[in-house]
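*Asks:* next comes the sequence, and after it the predicted model I'd like to discuss.
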Amino acid sequence: MKNKTIRAVDALQEAQKIAFAPFLFQAVVSLRKLGIFDLIFEKRIIGGVTINEIAKALSLTSYGVGVLLEIVESSNIVVKDKTDKYELTKIGYFLNYNETANVNINFANEICYKGLFHLSDSIKNSKPEGLKELGNWNTIYEGLSTLDPKIKDAWFQFDHHYSDYAFQEALKIVFEKQPKVIFDIGGNTGKFAISCCNKDKNVTVKIHDLPGQLNVALANAKTNGFEDRISGYPIDWLSENIKITKGADIIWLSQFLDCFSEDEIVKILKICVASMDENTELFIMETFTDRQKFDNAKFILEATSLYFTAIANGNSKMYSAEVMIDLINKSGLMIKKEINPVGENHTILVCRKK
């Protein structure tokens with residue numbers, strides 16, 4: 001057992017941190033929103049800044065600034081010197097200025113915070129009981145295009161952040177054999193399809209997605225001048241007796257299968273298999289929990305699984321490669337190649353029909 005030998009006093013300290021973790025999180029959110037972190041960092045040049053100076057500069061009360069800084073000082077996010085001047089620690093700096101931390105904080109606060117209150121009900125009912133905090137849909141994907149702009153931005157920033165770093169490298173892999181027709185499954189805003197058309201003037205892409213998302217993707221394709229090369233195929237993968245057309249050189253599924261349960265993944269892959277011939281390749285790009293180099297990356301993925309449980313759909317998660325490979329085999333596919341890492345955190349599984 002990890003940390004089995006930890007001292008009781010240290011274990012209790014960690015337990016209390018977890019008990020009050022929501023308080024610390026919201027304190028950090030407030031310090032970011034109110035500009036307090038920015039001001040403290042700006043004043044590092046003169047050796048820091050006091051509570052009263054912060055309050056005066058930002059038109060806040062010393063009381064309000066004080067209660068926020070006290071809790072984050074206890075958590076080593078800021079440090080106070082003998083003259084009561086505050087500076088950011090490295091933790092505080094990353095919380096305010098690191099791109100990944102920024103994306104994660106906004107996603108946790110805008111999308112997940114209220115919904116996670118319903119996590120235990122979601123576990124019991126296998127439904128996204130926390131989704132009602134955002135809207136009245138069966139899954140979050142049905143309502144993405146109609147979310148409040150601030151909330152929608154937080155969702156797409158989170159989604160794109162973890163794919164953008166891998167896209168350029170992934171495009172090189174996808175175009176090794178110069179495909180002419182690509183099916184983009186779950187094309188979202190059309191970002192990947194547009195990238196494909198920018199890379200190769202001869203390729204056409206058919207995006208398969210829910211009608212609401214598809215409309216957004218096709219509008220973006222038109223804005224980028226690719227309405228003649230990017231088409232759409234409206235589809236709800238959870239409906240019955242669905243099929244997709246044939247003719248793809250590559251079927252592309254990026255950060256898509258983690259949005260479904262294991263049984264649903266097998267169903268989706270079998271539908272794809274039915275459209276494939278012996279030359280078609282199916283690419284699955286995911287951030288697998290057992291393919292991460294660093295513990296913090298694995299932790300982020302495991303936390304994201306709780307978002308799927310409580311908010312997104314109630315029955316999916318961030319999978320391990322071990323589980324995904326088993327599902328691939330069950331669906332009538334075989335893995336031709338595993339490419340890892342793609343970017344920092346992704347893996348591509350290149351599959352062929354058995």
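*Replies:* That came through, no problem.

*Asks:* can I assume G186 is in contact with D258?
*Replies:* No - under the criterion of CB atoms under 8 Å, G186 lies out of contact with D258, with a separation of 10.3 Å. For the C-beta atoms, the positions are set from N, CA and C on the backbone; glycine is no exception.

*Asks:* so where's the stretch 1-150 of the chain shaky on pLDDT?
*Replies:* Applying pLDDT under 70 to the stretch 1-150 of the chain flags residues 1-4.

*Asks:* residue contacts, the closest residue to A221 other than its chain neighbours?
*Replies:* For A221, the nearest residue in space outside its immediate sequence neighbours is I230; the separation is 3.8 Å by CB to CB, 6 or more residues apart in numbering. Counting by CB atoms under 8 Å, 6 or more residues apart in numbering, I230 makes contact with 190, 193-194, 197, 204-207, 217-218, 221.

*Asks:* repeat the analysis, applying 7 Å as the threshold.
*Replies:* Under the criterion of CB atoms under 7 Å, 6 or more residues apart in numbering, the neighbours of I230 are 190, 193, 197, 205, 207, 218, 221.

*Asks:* these: which two are farthest apart?
*Replies:* Greatest spacing in the contacts of I230, by CB to CB: C197 and L218 (12.8 Å).

*Asks:* got the domain ranges for this structure?
*Replies:* Following automatic domain parsing, the chain resolves into domains at 8-97, 101-353.

*Asks:* buried deepest among these, which one?
*Replies:* When the domains of the chain are scored by mean count of other CB atoms under 10 Å, the highest mean neighbour count falls to domain 101-353 (a mean of 18).

*Asks:* out of the contacts of I230, who's nearest Q16?
*Replies:* Comparing the contacts of I230 against Q16 with CB to CB places G190 closest, at 46.8 Å.

*Asks:* quick check: closest non-adjacent residue to the closest one.
*Replies:* Spatially, and ignoring its direct neighbours in sequence, G190 is nearest to A217 (3.3 Å; CB to CB, 6+ apart).

*Asks:* could you check how far that neighbour is from D200?
*Replies:* Using CB to CB, to the nearest Å, we find A217 at a distance of 18 Å from D200.

*Asks:* likewise F299?
*Replies:* Counting by CB to CB, the gap from F299 to D200 is 37 Å.

*Asks:* ok, I268 next?
*Replies:* Distance of I268 to D200, computed by CB to CB: 26 Å.

*Asks:* tell me the helices and strands packed up against the helix or strand where K222 lies.
*Replies:* When secondary structure is defined by DSSP states H and E, K222 falls within helix 211-223. Contacts defined by 3 or more CB pairs under 7 Å, 6 or more residues apart in numbering; DSSP states H and E place helix 211-223 against helix 191-199, strand 204-209, strand 230-234.
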